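Student: no FASTA, just this:
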Ligand code: SF4
Ligand code: SF4
Ligand code: SF4
């Protein structure tokens, strides 16, 4: 299953610009399409769609959400074992390791490029050590 675009798409292109894996195609003001072979089910297309035209794998229309309200990973340093699974899983390169010169016990992943994070949840799903909490980040944290 993957995300799909419904007939009420207005062809604004917002989804295409938001997709981290270039799975969406379509001409301006025409129905856009998602290539299911490329889609990683991040949901970004639905969160930015002004026409509520994107349906998720659960068959529900994805709700629009301001970017400032997207959930992003907070790495819990005391739980992170620096396995780098999350860094490898991230489709946008938003995560890095703090400092590879540190011993493993002191190193950890960090969300370094906040603006690149598309809230796909893949880092969270790929952490086997419960070291990631998905949260709304305010300017102060
Ligand atoms: S769900 Fe994510 S990967 Fe799939 S088409 Fe939408 S933006 Fe692209
Ligand atoms: S939610 Fe995690 S895996 Fe997805 S883009 Fe953000 S940092 Fe990368
Ligand atoms: S997957 Fe979990 S344990 Fe591994 S580096 Fe990322 S946060 Fe740390």
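Tutor: Now that the structure is in, tell me what you want to look at. Owing to the predicted nature of the structure, the values given are computational and were not obtained by experimental measurement. Numbers count the residues shown, from 1 in each chain. Ligands and ions are numbered 1, 2, ... in the order given.
Student: so what does the residue positioned nearest the centre of the chain have for phi and psi?
Tutor: A centroid search over the chain (CA atoms, centre = their mean) returns residue 120, at 2.5 Å, as the residue closest to the centre. Main-chain torsions, residue 120, degrees, to the nearest 10: phi -80, psi -20.
Student: hang on, it packs against residue 45?
Tutor: No - contact criterion CB atoms under 8 Å: residue 120 and residue 45 do not qualify, at 11.3 Å. The C-beta positions use only the backbone N, C-alpha and C, and glycine is treated the same way.
Student: could you list the domains of this protein?
Tutor: According to the TED database, the chain comprises the domains 1-65, 69-136.
Student: distance of the residue nearest to the centre of the chain relative to ligand 1?
Tutor: Between residue 120 and ligand 1 the computed distance is 7 Å (CB to the nearest ligand atom, to the nearest Å).
Student: that residue and residue 107, how far apart?
Tutor: 23 Å (CB to CB, to the nearest Å).
Student: before we move on, the earlier item: just put the domains of the chain in JSON lines and tack on mean pLDDT.
Tutor: As requested, the domains of the chain are exported to JSON lines (pLDDT from 0 to 100):
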{"stretch": "domain 1-65", "mean pLDDT": "97"}
{"stretch": "domain 69-136", "mean pLDDT": "95"}
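Student: to ligand 2, which of those lies closest?
Tutor: domain 69-136 (3.2 Å; CB to the nearest ligand atom).
Student: and the closest one, does that touch ligand 3?
Tutor: Yes - under the criterion of CB under 6 Å from any ligand atom, ligand 3 is reached by domain 69-136 at 75, 80-86, 108-109, 126-127, 129, 131-132.
Student: which helix or strand contains the residue nearest to residue 12 when sequence neighbours are not counted?
Tutor: In this structure, residue 12 finds its nearest non-sequential neighbour in residue 50, 6.4 Å apart by CB to CB, 6 or more residues apart in numbering. Using DSSP states H and E, residue 50 maps to neither a helix nor a strand.
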